[in-house]
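Asker: Next input, structure requested:
(4 chains)
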There are 2 protein chains.
Amino acid sequence: MDKKDTGRTAVLLERVGRLINQEAHADGLQPVQWEALRYLDRANRFSRTAAALTAYLGLTKGTVSQTLKALEGKALIRKQQDKKDRRSNHLVLTARGRRQLDRDPLAATASALDSLPKPTQRALAAGLSEFLNSRLDAQQRQPFGQCSDCQYFARKHQDGNPHYCQLLKERLNAADSKAICFEQRPAD
Amino acid sequence: MDKKDTGRTAVLLERVGRLINQEAHADGLQPVQWEALRYLDRANRFSRTAAALTAYLGLTKGTVSQTLKALEGKALIRKQQDKKDRRSNHLVLTARGRRQLDRDPLAATASALDSLPKPTQRALAAGLSEFLNSRLDAQQRQPFGQCSDCQYFARKHQDGNPHYCQLLKERLNAADSKAICFEQRPAD
DNA sequence: CTATATAGTTTCGAGTCGAAACTAATAAGC
DNA sequence: GCTTATTAGTTTCGACTCGAAACTATATAG
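Answerer: Here you go, the predicted model:
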């Protein structure tokens, strides 16, 4: 693979991104609105805030605020004020929001991926993940990896006890541990 | 790789697309404007029209018309009326347009790709290409492959002569043959 | 010689996005 | 305590993308 080839691959990435974006218009939702719903579905309870979503998407907070307003208007999410810090809101998927995710247009992408040969699938996933993380790192953006792959994650804190986050000093149940977290820092 | 994994990969694709799009804002040009310049740089002489670009991008002709107007306003392209069919214009990169391509923000993407391990690079390129073609096919969109990989391509039409396109009935020089074509249909 | 198809433009309205100014609540310095 | 950041989030504005639909002009088919 010489320089011309990687240029070719970069164009390929651009085109695939554009294609997916075009397919992501569905049910009257914008691509970025779908992305927000997906995020809220996968983020752990510490990460379901406008600030974390802003970091995840790499947009400005003003832009994200508008997206959330639109989603709230469609009754797909709800804002719930934090008891301790009354500046901040927890974003909650409504039942309707969860139902909306059943019609996620990204399912078409996933099923197209699924019809590729398994080794191709694995290579694609690994390559994309490596590329994404290297770019996020270069831009000093957070990786938003899984909680259980984090350096602050203590597995089975004490025997029989739940897992534990040494940064946020919080207990983590099984679901929490598989969710993505804005504070996540990959272990090694 | 089960269904959940492909869902994960689909999200990865979405995020990478979004990231590249964000990086693609440079020099006062919009991502789609860069994409048009790149297209015009790679398309053969039969494919450098608004109609072909419209098919390539998968947008409506009205939208593409605006993009081209903007590029013409910046003196990066020129429209040149076809002698035979006066409805249609040939799009020509100006010298300035060609110089603009030297500052293509996609170069950052390419160099990030280049720093991945070679096998990862190859797998990524192959996987993306396979995925893209399968989606384009599903949407009945043209693949815009290289002229020389086309079923209408006659290599060295007669000994010592240039290559030849059996669809457009035109001679093809070496550069033409490596360019992308809106009429391209992959051989087998 | 009219019908229709094709290449492209224009106008409009809805939406994304960043910049910057803004409110309100919390944390930090002294 | 009291002032001064800092942080969470909203609002407003302007530039831009995009699709839909109506439009012009040229070419082709019956």
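Asker: For chain A, what lies in contact range of DNA strand C?
Answerer: A:28, A:30, A:32-33, A:58-63, A:66-67, A:70, A:84-87 (Cβ under 7 Å from any atom of the strand). For glycine as for every other residue, the C-beta is placed from the backbone atoms N, C-alpha and C.
Asker: Which secondary structure state does whichever residue of chain A sits closest to DNA strand D sit in?
Answerer: For chain A, the residue closest to DNA strand D is residue A:62, as judged by Cβ to the nearest atom of the strand, at 2.6 Å. Put simply, residue A:62 is helix when judged by DSSP: H, G, I helix; E, B strand; the rest coil.
Asker: Number of residues surrounding it?
Answerer: Around residue A:62 there are 8 other residues, counting by other Cβ atoms under 10 Å in any protein chain shown.
Asker: hmm, back to that, just the buried subset of the residues of chain A next to DNA strand C, written out for PyMOL, thanks.
Answerer: Buried members of the residues of chain A next to DNA strand C can be picked out in PyMOL with the line below, counting by 16 or more other Cβ atoms under 10 Å in any protein chain shown:
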select buried, chain A and resi 32+33+59+67+70
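Asker: Counting only helices, which of the residues of chain A next to DNA strand C make the cut?
Answerer: Judged by DSSP state H, helices contain the following of the residues of chain A next to DNA strand C: A:32, A:33, A:61, A:62, A:63, A:66, A:67, A:70.
Asker: Reformat those into a markdown table and put pLDDT and distance to residue A:145 next to each item.
Answerer: Below are those laid out as a markdown table (pLDDT from 0 to 100; distance: Cβ to Cβ, whole Å):
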| residue | pLDDT | distance to residue A:145 |
| --- | --- | --- |
| A:32 | 97 | 21 |
| A:33 | 96 | 24 |
| A:61 | 97 | 22 |
| A:62 | 96 | 27 |
| A:63 | 97 | 24 |
| A:66 | 95 | 27 |
| A:67 | 95 | 23 |
| A:70 | 94 | 28 |
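Asker: Serialize those to CSV and add fields for distance to residue A:105.
Answerer: CSV is the format used below for these (distance: Cβ to Cβ, whole Å):
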residue, distance to residue A:105
A:32, 13
A:33, 11
A:61, 26
A:62, 26
A:63, 21
A:66, 21
A:67, 17
A:70, 17
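Asker: From the residues you listed, pick the one nearest chain B.
Answerer: residue A:32 (8.2 Å; Cβ to the nearest Cβ).
Asker: so who does the closest one touch?
Answerer: A:57, A:59, A:67 (Cβ atoms under 8 Å, 6 or more residues apart in numbering or on different chains).
Asker: try 7 Å
Answerer: By Cβ atoms under 7 Å, 6 or more residues apart in numbering or on different chains, the contact set of residue A:32 is residue A:67.
Asker: mind checking how far it is from residue B:106?
Answerer: Distance, residue A:32 to residue B:106, by Cβ to Cβ, to the nearest Å: 22 Å.
Asker: Sheet partners, orientation included, of the lowest-mean-pLDDT helix or strand in chain A?
Answerer: Lowest on mean pLDDT, DSSP states H and E among the helices and strands of chain A sits strand A:170-172, with a mean of 86. Using DSSP bridges, the strands paired with strand A:170-172 are strand A:163-165 (antiparallel).
Asker: which parts of the partner strand are buried?
Answerer: Those would be A:163, A:164, A:165, for strand A:163-165 by 16+ other Cβ under 10 Å.
Asker: Would you reformat the residues you listed as a markdown table and include pLDDT?
Answerer: Listed next are the buried residues of strand A:163-165 as a markdown table, based on pLDDT from 0 to 100:
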| residue | pLDDT |
| --- | --- |
| A:163 | 89 |
| A:164 | 89 |
| A:165 | 88 |
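Asker: Out of the residues you listed, which is nearest to DNA strand C?
Answerer: residue A:165 (18.1 Å).
Asker: what's across from the closest one in the sheet?
Answerer: residue A:153, residue A:170.
Asker: hang on, isn't it packed against residue A:173?
Answerer: No - Residue A:165 is not in contact with residue A:173 according to Cβ atoms under 7 Å; the separation is 11.4 Å.
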